[in-house]
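S.K.: next one to model:
(2 chains)
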Number of protein chains: 2
Amino acid sequence: MSNEFSFMQQGFPVFSGENALSLLEELLNAPNDFSKMLVLCDDNTYEHCLPILKRHLPSSIPFDFFKMKSGESSKSLSVCESIWQKMTAMMMSRNDLLINLGGGVVCDVGGFVAATYLRGISFLNIPTSVMGMVDAGLGGKNGIDLNHHKNRIGSFAFPIATVCDPVFLKTLPDAEWKNGCAEVFKHALIGDARLFETLSVDGCTRANFTSLLHSIQGVKLKVVEDDPFEDGFRKVLNFGHTVGHAIESASLKKDSLPLSHGEAVAMGMIIENEIMFNIGGLDASIKNNCREVLEKHLTEVKITSYTDVELLEWIQYDKKNANGIIRMSLITSIGSCSWNVEVPQEIIRTTLQNFR
Amino acid sequence: MSNEFSFMQQGFPVFSGENALSLLEELLNAPNDFSKMLVLCDDNTYEHCLPILKRHLPSSIPFDFFKMKSGESSKSLSVCESIWQKMTAMMMSRNDLLINLGGGVVCDVGGFVAATYLRGISFLNIPTSVMGMVDAGLGGKNGIDLNHHKNRIGSFAFPIATVCDPVFLKTLPDAEWKNGCAEVFKHALIGDARLFETLSVDGCTRANFTSLLHSIQGVKLKVVEDDPFEDGFRKVLNFGHTVGHAIESASLKKDSLPLSHGEAVAMGMIIENEIMFNIGGLDASIKNNCREVLEKHLTEVKITSYTDVELLEWIQYDKKNANGIIRMSLITSIGSCSWNVEVPQEIIRTTLQNFR
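M.R.: Residues are numbered from 1 along each chain as shown, chains lettered A, B, ... in the order given. Presented below is the predicted three-dimensional model:
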């Protein structure tokens, strides 16, 4: 894979492919104002990815690291506070650099921390997971959770570069791999019918991921380019997430071993297609085909431990809603998606009951 | 005073004058998407200002309020967390409105909370103090403190309107009045020599404030218009604040009755003028005249309880610094200010010793 696999977002480069770390090295060796760097990692990326990254960091700029626990529980205010304190202790100034080395959680937390430290300093995203490379590391959204409310607090801020090198995926655990695959299928469903065909047959695997990365990222980056601050169209990226986040929040609150984001979103896509079918916006054959593919490659819907009442309550908290009306992003065919679709509560309730 | 006293910032109106609340009423009665509003106030504005504001809020949009403790200690993460929780409990969506009713602290905290809740919702600033009307309520900066580090965490976000009605100043305590006056003198010193002349004679008093408000706000709004995100020129607004924030931080940490922001900034301006004189950038006569005026109308320099070492340490944390070099915004004459002036540590140390 070569450098042709590069995009821009808001004027900043996205380097994707086997050459990505060399391009990062070039970028950091060019004249710049950075006097120090902090690398944000989690238990896993500290062990598996930091040693690789270190070989590409310029020796002229001193760096330190901050290690947080892996997992969604780190998307908290108290973790942010610890990182801000570390940055303050290092006397980091507005001219210094935060490097986010990790999956979705590290990119989400690090983006927020950088965007708000001294009212905003530069940061780099180096996603090391499928989720990070196809979703959280791209698009300039960051966020942390508030009492199980996903991404309740956050902002928009774009990294000065995003570096997606498949070398980091070699040590990614299978569960994490699968977690990110839900977003891969989502991107295909909302914007790339041909990609969905390929995924339907082969799934999203270690064997084919690098060759598909360009197409997968292309869907998201095109959407973000057209509507960077989610005034409208960008909401299509939320397909599967209204119901998905509700399931995830319910699970985070109730289950001792909570569902992954990917599992929740996979279930969310299946259920939201059923909703769109029930309001007459999606053909039965497409809906059934999608369900079969998603169940085969991702997961089946298992929501019996959450009541309709609690799922509906979480759905009502969704960020896309306004004035008490529930709005979803729902596909109308493979590769095309509507947003701000009003969905009556009654339809959601009936649909949920079909999955019990 | 009439509506001619209105400015714009980043496309949003600033209503200043005795008519300001009526203009707010007009704005909120025009067609809009707000389904609910939260009014953020502190103990004082809850008692003295909310009853007045209520008369101008449209009955068609339900509102609730959040009351925080008055004072700098509310510029904390835990207060933000409580407000975000309140907003979540109210199911506030991206289409709803936060109203900041208070002085500098309320505007600083509320701006940050609104800018980061659901990645940013609309907010209004209704400053009720001199400090709020001439500084914190204008300019789109928000911020909270981290371990006595002033405004360490924050962002840039502009309110959909800023409403400065002198009616709220009637109940402002004298200490709070004086606190805001330091910023009034600062605006004059960096950008309006004629205003400084008036202030030199009369001070900034309840009798003349309303008639001067237009000139005072004009200095800041002009600077913000030219450089909204502080890429350069906007740093002139920090005159007095490098040393001032250091004194304030030291006092917050050590004194049982800490200095006010205004007192610290007044001392900061006097000391920074001495620094500029010592590096040959300011005439002795101007420096001495300024000191006399500031001591007469604001405060004398009292820094004997803080050591040079601790003040220098706080100065090094200043946001304007980079690469370990101390940079200040310093006036070169009355009404004009330089920024990014490099100041050797030795000069700061010698200057501080002159004030002991």
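
S.K.: who in the stretch 51-200 of chain A is up against chain B?
M.R.: Proximity of the stretch 51-200 of chain A to chain B, by Cβ under 8 Å from any Cβ of the partner chain, involves residues A:77, A:81, A:84-85, A:88, A:91, A:93-95, A:112, A:115-120, A:141, A:143, A:146-147, A:149, A:151-156. For the C-beta atoms, the positions are set from N, CA and C on the backbone; glycine is no exception.

S.K.: name the SS class of residue A:338, please.
M.R.: Using DSSP: H, G, I helix; E, B strand; the rest coil, the three-state assignment for residue A:338 comes out as strand.

S.K.: residue contacts, the closest residue to residue A:322 other than its chain neighbours?
M.R.: Leaving out its chain neighbours, the residue that sits closest to residue A:322 by Cβ to Cβ, 6 or more residues apart in numbering or on different chains is residue B:95, at 4.1 Å. Residue B:95 makes contact with A:322, A:323, B:33, B:34, B:35, B:121, according to Cβ atoms under 8 Å, 6 or more residues apart in numbering or on different chains.

S.K.: how many other residues sit next to the last one?
M.R.: By that I understand residue B:121. By the measure other Cβ atoms under 10 Å in any protein chain shown, the count of residues near residue B:121 is 21.

S.K.: that one: what's it in contact with?
M.R.: For residue B:121, the contacting residues are B:92, B:93, B:94, B:95, B:96, B:97, B:98, B:114, taking Cβ under 8 Å, 6+ apart as the criterion.

S.K.: show me the contacts for residue A:88.
M.R.: For residue A:88, the residues meeting the contact criterion (Cβ under 8 Å, 6+ apart) are B:146, B:147, B:149, B:152, B:317.

S.K.: what about the third one, how many residues nearby?
M.R.: Okay, so that is residue B:149. Neighbourhood size, residue B:149 [other Cβ under 10 Å]: 20.

S.K.: wait, it touches residue B:249, no?
M.R.: Yes - contact criterion Cβ atoms under 8 Å: residue B:149 and residue B:249 qualify, at 6.8 Å.

S.K.: overlap in contacts of the two?
M.R.: With Cβ under 8 Å, 6+ apart as the test, residue B:149 and residue B:249 both reach residue B:317.

S.K.: which parts of the stretch 151-300 of chain A are strands?
M.R.: Assignment of strands within the stretch 151-300 of chain A using DSSP state E, counting those that start in this stretch yields the ranges A:161-164.

S.K.: so, low pLDDT: which residues of it?
M.R.: With pLDDT under 70 as the threshold, the stretch 151-300 of chain A has no low-confidence stretch at all.

S.K.: how about the helices in it?
M.R.: Using DSSP state H, counting those that start in this stretch, the helices found in the stretch 151-300 of chain A span residues A:174-191, A:193-202, A:209-226, A:241-254, A:261-278, A:284-297.

S.K.: tell me the most buried of these?
M.R.: Looking across the helices of the stretch 151-300 of chain A with neighbours counted as mean count of other Cβ atoms under 10 Å in any protein chain shown, the highest average goes to helix A:261-278: a mean of 25.

S.K.: what's that helix packed up against?
M.R.: If contacts are counted by 3 or more Cβ pairs under 8 Å, 6 or more residues apart in numbering or on different chains; DSSP states H and E, helix A:261-278 sits against helix A:174-191, helix A:241-254, helix A:284-297, strand A:327-333, helix A:345-354.
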